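Enquirer: Any chance you can model this:
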Amino acid sequence: MDSTQLHVAIMSSPGIGHLIPVLVLGNRLATHHNIKITILTITTNSSSPEIEFLKKFNEKKTIQIIPVPSIDISHLIDSNTKLFTQLRILVREALPEIRSGIASMNHRLVALIVDIFGTQILPIAEEFNIPKYVFHPTNAWSLALFMYQQVLDQEIESEYVDLKQPLEIPGCKALRPDDVMDPMMDRSDQQYHEYLKLALEYTCFDGILTNTWEELEEETIKALRSNEKLRSVSRCPIYPIGPLRRTVDITEHDEVIHWLDKQNQKSILYVSFGSGGTLSSEQIIELAWGLELSQHKFVWVVRPPSDNGTDSAYLNSNENDTGGSLEYLPKGFLTRTKDMGLVVPMWAQQVEILSHLSVGGFISHCGWNSTIESLTSGVPMIAWPLHAEQKMNSTMLTEELGVAIRPMILPTKKLVKREEIQEMVRILMHTKEEKSIRENVKKLKLSAENALSEGGLSYNTMCEFVKNIRTS
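Expert: Next up is the predicted model:
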């Protein structure tokens, strides 16, 4: 390490969906910009995918990782405590450990970067006089909503979901009441107040990095930088540095990849709802029948059903849970589809699967990690949002970018029946409509590559960020 090397700490919230983009960001800063990276990651008792990723990145020796032990918050929550609130509490309780980790570092930090749930670290950053930045791991549209939330809270008294007109965000696409994020759905719930605090904390940082790129969201990024109503809330610089995603790293004996190697190009539909998303028992049965009726080849990463909410598995995955006997699937489904599809319990190498030439479509929960991985692989989607900002992502993918189709009614509102699933698969994989969707996603794949290449807008923006922290 040379004496001029910069030292940056990045904090990750619990959950593989938060850890992956933080690791990718850290790795890019380390390998492309010669910055020494220390990542403080809050783990959970059941974070086997997180542990595997940490081991892999430790092997590469490009970044230092300090795991923050799991914090018991059982005495602070009950069965009604929403996931958003749980994550805020979990991070809040871990702050003393985070502070100790920062205090023990034997080098001066030129910047402290936190992810979306790490904004409560503000007092610690100020105590150590460290320039502080937020890494917003999703798109600019959701960032604009975050930034403007304090104004909406003052201007609107009723429940957002009861509004007859869309929520206006200056300079950006308006937000339909049906598409509001989960924490906005009930203003009397604790998670709404936690969400409002988080939105206010966002405006107190020295800059915001976001995992998107200019060509994808040109108008929204322009509004974040120059719209006076948005700038009156916060004038901190916005850095679109994406799309950041994991690189392909195929393990030698992965059975899914070997199966895909035997299939025709663009012939396989990949189905996955993320590391924490689950479906109800009834919806799993309808999805299974829809896939079978479509007579289309598929790879389905399936998790046991949850009738307690679609995000209930987020902090409760278990490394020993292999999906059980799959008895929750329709009787005879595995036998009838053995030559047609592959059912994978719990987890699969998603980036590697989406990058495979045989994969031609993706039924996705529209989490931003999965969205980025699909777009940068040139794979169109059937949008099936479950929670968080995924409804916003789904609207962007279908109505603005034209790279996805979706059910007539949101899956969070109504059961998606097998006949509609069968029809969506047919449209995505077989019809003329599919051709225009594929052309759109191909253009976005190319634009993403250009953004990150040397001299591209995202590459230049990252260089600007590094220059700013170097001189701060």
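
Enquirer: tell me the contacts of the nearest residue to residue 242 once chain neighbours are set aside?
Expert: Here the nearest residue to residue 242 in space, its sequence neighbours aside, is residue 211; by C-beta to C-beta, 6 or more residues apart in numbering that works out to 3.9 Å. Yep, even glycine has a C-beta here, placed from its N, CA and C like the rest. The contact partners of residue 211, by C-beta atoms under 8 Å, 6 or more residues apart in numbering, come to 21, 135, 136, 137, 138, 139, 241, 242, 243, 244, 368, 372.

Enquirer: can you pick the most crowded of the residues you listed?
Expert: residue 242 (31 neighbours; other C-beta atoms under 10 Å).

Enquirer: Contact partners for that one?
Expert: Contacts of residue 242 by C-beta under 8 Å, 6+ apart are 210, 211, 212, 213, 372, 448, 451, 452, 458.

Enquirer: So what's the residue count around residue 408?
Expert: With other C-beta under 10 Å as criterion, residue 408 counts 8.

Enquirer: and the residue lying closest to it once chain neighbours are set aside, what is it in contact with?
Expert: Excluding the flanking residues, the one nearest residue 408 by C-beta to C-beta, 6+ apart is residue 420, at 6.8 Å. By C-beta under 8 Å, 6+ apart, the contact set of residue 420 is 290, 407, 408.

Enquirer: Take those residues and write them to TSV, including secondary structure and pLDDT.
Expert: Output for those, formatted as TSV (DSSP: H, G, I helix; E, B strand; the rest coil; pLDDT from 0 to 100):
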residue	secondary structure	pLDDT
290	helix	97
407	coil	96
408	coil	94
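
Enquirer: quick check, nearest of the residues you listed to residue 271?
Expert: residue 290 (10.0 Å; C-beta to C-beta).

Enquirer: what separates the closest one from residue 268, distance-wise?
Expert: Distance of residue 290 to residue 268, given as C-beta to C-beta, to the nearest Å: 16 Å.

Enquirer: what about the strands in the stretch 351-472 of the chain?
Expert: 359-364, 381-383, 404-405 (DSSP state E, counting those that start in this stretch).

Enquirer: now the last one: how far from the chain's centre is it?
Expert: Looking back up the chat, that one is strand 404-405. Here strand 404-405 is found 18 Å from its chain centre; the criterion is C-alpha atoms, centre = their mean, to the nearest Å.

Enquirer: Wait, a helix at residue 283?
Expert: Yes. Membership of residue 283 in a helix is supported by DSSP: H, G, I helix; E, B strand; the rest coil.

Enquirer: now it, nearest residue through space, not along the chain?
Expert: In space, residue 283 is closest to residue 415, 5.9 Å off (C-beta to C-beta, 6+ apart).

Enquirer: For the stretch 301-450 of the chain, just list every one of the helices.
Expert: Along the stretch 301-450 of the chain, counting by DSSP state H, counting those that start in this stretch, helices occupy 333-336, 350-354, 368-375, 390-395, 418-430, 432-452.

Enquirer: Identify each buried residue in the longest one, please.
Expert: Neighbour counts using 16 or more other C-beta atoms under 10 Å place 434, 437, 438, 440, 441, 444, 445, 447, 448, 451, 452 of helix 432-452 among the buried residues.

Enquirer: just checking, the fifth one touches residue 371?
Expert: It refers to residue 441. No. Between residue 441 and residue 371 there is no contact under C-beta atoms under 8 Å: 11.1 Å.

Enquirer: related to what we said a few turns ago, kindly reformat the strands of the stretch 351-472 of the chain as TSV containing mean neighbour count, distance to residue 329 and mean pLDDT.
Expert: Below are the strands of the stretch 351-472 of the chain laid out as TSV (neighbours: other C-beta atoms under 10 Å; distance: least, C-beta to C-beta, whole Å; pLDDT from 0 to 100):
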stretch	mean neighbour count	distance to residue 329	mean pLDDT
strand 359-364	26	16	97
strand 381-383	26	19	98
strand 404-405	24	25	96
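
Enquirer: between the ones you listed, which gets nearest to residue 325?
Expert: Per C-beta to C-beta, nearest to residue 325 of the strands of the stretch 351-472 of the chain: strand 359-364, 23.3 Å.

Enquirer: what about residue 71, which SS state?
Expert: coil.

Enquirer: Tell me, how many residues neighbour it?
Expert: Residues near residue 71, counting by other C-beta under 10 Å: 19.

Enquirer: residues contacting it?
Expert: 42, 90, 93, 94, 97.

Enquirer: Find the helix or strand that the closest residue to it other than its chain neighbours is a member of.
Expert: In space, and not counting its chain neighbours, residue 71 is closest to residue 93: 4.4 Å by C-beta to C-beta, 6+ apart. Residue 93 is part of helix 83-103 when elements are defined by DSSP states H and E.

Enquirer: now that helix: how far from the chain's centre is it?
Expert: Taking mean C-alpha positions (C-alpha atoms, centre = their mean), helix 83-103 and its chain are 20 Å apart.

Enquirer: and if you look at stretch 279-291?
Expert: With C-alpha atoms, centre = their mean, you get 24 Å for stretch 279-291.

Enquirer: Show residues contacting it.
Expert: So stretch 279-291 is contacted by 269, 271, 273, 298, 300, 302-303, 305-307, 310, 328-330, 333, 337, 341, 411, 415-422, 425 (C-beta under 8 Å, 6+ apart).

Enquirer: Extract the C-alpha set from it and format it as CSV.
Expert: These are the backbone C-alpha positions of stretch 279-291, laid out as CSV (Å, rounded to 0.1, in the frame of the first residue of the first chain):
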residue,chain,number,x,y,z
LEU,A,279,-45.0,-16.4,-1.8
SER,A,280,-48.2,-17.8,-0.1
SER,A,281,-49.0,-21.4,-0.3
GLU,A,282,-51.9,-20.7,-2.7
GLN,A,283,-49.7,-18.5,-4.9
ILE,A,284,-46.9,-21.1,-5.2
ILE,A,285,-49.5,-23.6,-6.4
GLU,A,286,-50.8,-21.2,-9.0
LEU,A,287,-47.3,-20.4,-10.2
ALA,A,288,-46.4,-24.0,-10.5
TRP,A,289,-49.5,-24.7,-12.5
GLY,A,290,-48.9,-21.7,-14.7
LEU,A,291,-45.3,-22.8,-15.5
